[in-house]
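*Asks:* heads up, no residue letters with this:
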């Protein structure tokens with residue numbers, strides 16, 4: 001998502017706060033009071049070029065979800081995965097259309113404020129809570145990558161061919177250390193500042209990751225050679241499949257107990273909707289058609305990148321792929337220098353992105369709990385400490401990154417992609433402009449219903465999978 005929540009996707013913090021306050025007073029909208037037009041939000045002159053806006057939105061889409069796509073393909077087959085990927089990409093573009101149409105009607109370009117205009121304070125609180133939940137899930141997925149990958153990096157630097165169990169190679173201890181020494185100090189900054197520049201580095205890391213995945217496909221033989229039994233239980237499963245001769249066969253269609261995680265993983269990977277409206281605000285010569293083109297090009301670019309990553313990752317490991325693709329390469333050679341470089345780049349990117357993602361969560365918490373209070377260092381520090389502590393607890397006790405992708409992808413992701421844009425559109429667009437029985441509003445209502453059905457079904461299947469204690473393939477640790 002998916003590395004999401006970048007500075008470029010937020011717009012300027014202080015100016016944005018003032019604009020939000022104007023929205024609640026209905027001063028965003030032009031009126032003819034006294035024959036003089038009020039200053040409207042749509043009068044803001046953006047300075048970001050079309051190309052840079054595509055870069056910013058692509059950054060907002062790109063996230064840790066890319067690491068789970070090969071696992072998703074292994075549990076659906078190539079054809080079914082492509083169908084689902086196209087389906088989610090088209091629906092994401094349509095939901096952005098709904099957001100832009102709603103924003104154009106009321107002159108507001110902030111997700112929470114659309115909720116306020118649609119349903120008042122409850123709507124604003126609902127949007128803020130869902131965005132907060134999604135960002136906590138994103139932070140958890142980033143720290144899970146640290147938990148999974150950092151021990152392997154230390155193992156290579158110590159020239160060890162296996163994890164011998166020392167405390168400094170325990171992922172749980174390492175995320176606590178990284179959180180205390182790096183993430184918390186950066187999260188205590190008053191403004192995002194230079195942290196926003198990590199967005200470009202994050203996207204570069206993922207491009208490097210994709211190139212490495214494609215390269216390794218042609219350098220790893222199938223079936224895999226014998227691997228150390230302590231690496232992961234997935235390696236044992238892979239060895240068992242080798243005996244049946246099925247391990248190196250690509251499946252076009254397949255269904256199993258893990259297939260239920262596919263759509264949540266894809267939805268998690270395409271969430272960028274809280275950033276769409278701020279990027280729209282910064283776009284030069286902004287209008288709905290131009291911003292929709294930005295969204296379409298960005299989604300297409302990420303679609304291609306996601307498809308290539310999933311395809312080449314799957315065709316490297318087939319049914320042996322783990323839910324965190326990068327970790328799967330430890331089955332072949334823990335000491336591989338190229339994969340070490342990829343791991344280091346991804347680790348630095350996700351570590352620096354966690355405090356960036358924390359800023360909007362803290363801002364939402366302040367709006368919910370202390371809406372009228374001025375800035376106070378005690379609250380600023382306390383909220384950051386509590387959020388980081390909560391995320392650490394989640395990462396320590398959640399057994400697989402697949403569970404994070406699945407749970408967040410089945411709850412906040414469909415809310416942000418399907419449900420909220422549709423119900424905001426239905427409420428905000430005037431009835432005299434589009435009656436409730438008009439085709440666009442019926443489509444929006446069906447869109448929201450699809451999102452709700454998807455959420456209920458995905459959660460039901462995932463909870464059922466947890467309850468039955470199915471093989472938790474893809475543990476990634």
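*Replies:* Looks like it came in fine. Model, not experiment: these values are computed from the prediction.
*Asks:* and residue 371, helix, strand or coil?
*Replies:* Counting by DSSP: H, G, I helix; E, B strand; the rest coil, the backbone at residue 371 sits in coil.
*Asks:* what about it, how many neighbours?
*Replies:* Other residues lying near residue 371 total 10 when counted by other CB atoms under 10 Å. Bear in mind the C-beta positions are built from the backbone N, C-alpha and C, glycine included.
*Asks:* what does it show for phi and psi?
*Replies:* Dihedral pair for residue 371: phi -60, psi -30, per degrees, to the nearest 10.
*Asks:* now do it against residue 299, distance only.
*Replies:* Distance, residue 371 to residue 299, using CB to CB, to the nearest Å: 34 Å.
*Asks:* same check, this time on residue 169
*Replies:* From residue 169 over to residue 299 the distance is 39 Å, taken as CB to CB.
*Asks:* now stretch 139-157: mean pLDDT?
*Replies:* Model confidence over stretch 139-157, given as mean pLDDT, is 88.
*Asks:* from the chain's centre, how far out does that stretch sit?
*Replies:* Remark: stretch 139-157 is offset 18 Å from the chain centroid, using CA atoms, centre = their mean, to the nearest Å.
*Asks:* then stretch 301-316?
*Replies:* How far stretch 301-316 lies from its chain's middle: 17 Å, per CA atoms, centre = their mean.
*Asks:* so what's the residue nearest to residue 259 when sequence neighbours are not counted up against?
*Replies:* In this structure, residue 259 finds its nearest non-sequential neighbour in residue 75, 4.7 Å apart by CB to CB, 6 or more residues apart in numbering. By CB atoms under 8 Å, 6 or more residues apart in numbering, residue 75 lies in contact with 254, 255, 256, 258, 259, 261, 262.
*Asks:* where does residue 75 land on pLDDT?
*Replies:* 91.
*Asks:* residue 241 too?
*Replies:* 45.
*Asks:* and for residue 45?
*Replies:* pLDDT for residue 45: 66.
*Asks:* then residue 230?
*Replies:* So, for residue 230, pLDDT stands at 41.
*Asks:* and the helix or strand where residue 368 lies, which residues are buried?
*Replies:* Here residue 368, judged by DSSP states H and E, is contained in helix 337-369. Along helix 337-369, these residues count as buried under the neighbour rule (16 or more other CB atoms under 10 Å): 339-340, 342-343, 345-347, 349-367.
*Asks:* give the rounded mean pLDDT of it.
*Replies:* What helix 337-369 shows for mean pLDDT is 83.
*Asks:* by contact count, what packs against the helix or strand just after that helix?
*Replies:* Where DSSP H and E defines the elements, the next helix or strand beyond helix 337-369 is helix 377-397. Identification of packing neighbours for helix 377-397 by 3 or more CB pairs under 8 Å, 6 or more residues apart in numbering; DSSP states H and E yields helix 121-157, helix 171-178, helix 184-187, helix 337-369.
*Asks:* now do 10 Å
*Replies:* Secondary-structure packing of helix 377-397 (3 or more CB pairs under 10 Å, 6 or more residues apart in numbering; DSSP states H and E): helix 121-157, helix 171-178, helix 184-187, helix 337-369, helix 401-410.
*Asks:* right, so of the ones you listed, which gets closest to residue 213?
*Replies:* helix 337-369 (8.6 Å; CB to CB).
*Asks:* got the angle for that closest one vs helix 171-178?
*Replies:* Interaxial angle, helix 337-369 versus helix 171-178 (axes from the mean of the first three to the mean of the last three CA atoms, to 10 degrees): 60 degrees.
*Asks:* of the contacts of residue 75, which is the nearest to residue 99?
*Replies:* Distance to residue 99, by CB to CB, is smallest for residue 262 among these, at 25.1 Å.
*Asks:* give me the distance between the closest one and residue 250.
*Replies:* Relative to residue 250, residue 262 is positioned 16 Å away (CB to CB).
*Asks:* of the two, which one has the most company?
*Replies:* Between residue 262 and residue 250, residue 262 has the larger neighbour count (other CB under 10 Å), namely 27 against 14.
*Asks:* now the helix or strand containing the more buried one: how far from the chain's centre is it?
*Replies:* Counting by DSSP H and E, the element that carries residue 262 is helix 262-270. Centroid displacement of helix 262-270 relative to its chain, using CA atoms, centre = their mean, is 9 Å.
*Asks:* so the next helix or strand after it versus helix 121-157, what angle?
*Replies:* Counting by DSSP H and E, the next helix or strand C-terminal to helix 262-270 is helix 273-282. Taking the same axes, to 10 degrees, one finds helix 273-282 and helix 121-157 inclined to each other by 100 degrees.
*Asks:* the helix or strand following helix 273-282 packs against which elements?
*Replies:* For helix 273-282, the following helix or strand on the C-terminal side (DSSP H and E) is helix 288-317. Using 3+ CB pairs under 10 Å, 6+ apart, the elements in contact with helix 288-317 are helix 50-61, helix 69-74, helix 78-106, helix 198-217, helix 262-270, helix 273-282, helix 325-328.
*Asks:* just put these in TSV and tack on distance to residue 290.
*Replies:* What follows is those, written out as TSV (distance: least, CB to CB, whole Å):
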stretch	distance to residue 290
helix 50-61	7
helix 69-74	30
helix 78-106	10
helix 198-217	21
helix 262-270	21
helix 273-282	9
helix 325-328	35
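*Asks:* quick one, which of those helices gets closest to residue 391.
*Replies:* Counting by CB to CB, residue 391 lies closest to helix 262-270 out of the helices and strands packed on helix 288-317; the figure is 16.1 Å.
*Asks:* give me the angle between the closest one and helix 121-157.
*Replies:* Here helix 262-270 points in a direction 90 degrees away from that of helix 121-157 (the same axes, to 10 degrees).
*Asks:* among the helices and strands packed on helix 288-317, which comes closest to residue 448?
*Replies:* helix 78-106 (9.6 Å).
*Asks:* pLDDT below threshold where in the stretch 301-450 of the chain?
*Replies:* Scanning the stretch 301-450 of the chain with the threshold set as pLDDT under 70 gives 334.
*Asks:* same question, the stretch 151-300 of the chain
*Replies:* Along the stretch 151-300 of the chain, segments meeting pLDDT under 70 span 161, 163-164, 191-199, 223-247.
*Asks:* try 80 this time
*Replies:* Across the stretch 151-300 of the chain, the ranges flagged by pLDDT under 80 are 159-165, 190-203, 221-248, 257.
*Asks:* what residues are up against the nearest residue to residue 99 once chain neighbours are set aside?
*Replies:* Of all residues not flanking residue 99 in the chain, residue 421 sits nearest, at 4.9 Å (CB to CB, 6+ apart). Counting by CB atoms under 10 Å, 6 or more residues apart in numbering, residue 421 makes contact with 92, 94-102, 111, 114, 273, 276, 415, 444, 447-448, 451.
*Asks:* do residue 326 as well
*Replies:* With contact taken as CB under 10 Å, 6+ apart, residue 326 is in contact with 66-67, 70, 145, 148-149, 152, 209, 212-213, 313, 339, 342-343, 346-347, 476.
*Asks:* can you rerun that using 7 Å?
*Replies:* With contact set as CB atoms under 7 Å, 6 or more residues apart in numbering, residue 326 has these partners: 67, 149, 342, 343, 346.
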